[in-house]
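Engineer: Task: produce atomic coordinates for the following.
(one chain, ligands or ions: 1)
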Amino acid sequence: MDHLCKATAEDVRVYAAVTTDLVEEAARRHCCGALATAALGRVMTGALLLAANLKNRECLTVKFQGDGPLGQIVADASADGAARGYVVHPEAELPLTNGKLSVGQGVGRGLLSITRFTGLKEPVTGTCDIFSGEIAEDLTRYLFQSEQTPSSVGLGVLVGENGKTEAAGGFIIQPLPDASEETLSRLEKTIATLRPVSAMVKDGLSAAEIISEILCGFSDVHILSETKLAFRCQCSRSRTEEILSTLRDEDLAQLAEDGQAEVCCEFCGEKYHFTKEDLLAIRNIRERLAQKERLP
Ligand SMILES: [Zn+2]
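Structural biologist: Prediction:
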């Protein structure tokens, strides 16, 4: 069961997440190869860790626009633990690098942007250059450069020989602004010797247990909260109808003439099928609405 755990200890804050199921669901929905599963899984897990700092109904979008064979990778995550995402070329594969999936090469160089939707003001977007394409390293740099928040992000996705996601998860460590030199050097040492987070998840560790491993040696560890995580998309048939209703009359007429239309959600791969009658009904609804608007 995927979940995210928040904790503090002394002058440091740590969030950890187990995301195996939602990464596997994303990979299955988009028919991802191993490389795309690892890359998309890391981006989705990173988005969830960043979204954990948002308020209840807020959400954010993490976008890697690299020039590698995977193409653009996008993930949305909300504070309540929902994530969705896609990769433009889920089929892309590369030879392994030192026995590991070549995620950095697959992503390539380009722009990383993060947009926060707070619901109150205009969305806020920050950007920075993609440094390595390994995702965790890029998010760490982004947080430092764009948000002046020193952090260490760790992300890992283990893809089995059969292409299934065996383990996925991540963490974010942030020393609080008043953190002591001692804390900083202790964290540095911990991070340098920490085993891969995917190995911890594969061993069955929960997010709280991953945090214990990271904060081993720290006293006063407080688990603040635990949130369930899941792959969830906001698309629906009625939303798709709304989108179709914004098409020009002649385009809708053309679709109706073709006899049917299929709209596929890029975030979750869900397909919505519309018959000729459905399409004509959408046209009629809109015509009625337009007439109403014209009335005094
Ligand atoms: Zn969808």
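
Engineer: wait, Pro196 sits on Gly156?
Structural biologist: Yes - with contact defined as C-beta atoms under 8 Å, Pro196 reaches Gly156; the gap is 5.0 Å. The way it works is simple: take the backbone N, C-alpha and C, and place the C-beta from them, glycine included.

Engineer: Who has more neighbours out of the two?
Structural biologist: Gly156 (24 against 15; other C-beta atoms under 10 Å).

Engineer: So that one sits against Leu205, correct?
Structural biologist: No - contact criterion C-beta under 8 Å: Gly156 and Leu205 do not qualify, at 12.0 Å.

Engineer: Quick check, the residue in the stretch 1-150 of the chain closest to the ion?
Structural biologist: Residue nearest to the ion within the stretch 1-150 of the chain (C-beta to the ion): Arg84, separated by 6.5 Å.

Engineer: my guess is that residue is in a helix, correct?
Structural biologist: No - using DSSP: H, G, I helix; E, B strand; the rest coil, the assignment for Arg84 is strand, not a helix.

Engineer: Contacts only, for Ala208.
Structural biologist: Cys5, Ala7, Ala16, Ile223, Glu226 (C-beta atoms under 8 Å, 6 or more residues apart in numbering).

Engineer: ok, so of the residues you listed, who is nearest Phe144?
Structural biologist: Ala16 (20.0 Å; C-beta to C-beta).

Engineer: Tell me the bridge partners for that closest one.
Structural biologist: Taking DSSP bridges as the rule, Ala16 bridges to Cys5, Phe171.

Engineer: Now for it, how many residues are close by?
Structural biologist: Around Ala16 there are 31 residues (other C-beta under 10 Å).

Engineer: what helix or strand does Phe274 sit in?
Structural biologist: Phe274 belongs to strand 271-275 when elements are defined using DSSP states H and E.

Engineer: Do any residues in that strand lie close to the ion?
Structural biologist: No - legend: contact between strand 271-275 and the ion by C-beta under 5 Å from the ion is lacking; minimum distance shown is 9.2 Å.

Engineer: could I get that strand in PDB with only the CA atoms?
Structural biologist: Coordinates of each C-alpha in strand 271-275 appear next as PDB, following Å, rounded to 0.1, in the frame of the first residue of the first chain:
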ATOM      1  CA  LYS A 271     -10.200   6.300 -23.600                       C
ATOM      2  CA  TYR A 272     -13.600   8.000 -24.000                       C
ATOM      3  CA  HIS A 273     -15.700   6.900 -26.900                       C
ATOM      4  CA  PHE A 274     -18.400   9.100 -28.500                       C
ATOM      5  CA  THR A 275     -20.900   7.900 -31.100                       C
END
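
Engineer: can you start the count at 678 instead of 1 from here on
Structural biologist: Okay, residue one is now 678; in that scheme the one you just asked about reads as strand 948-952.
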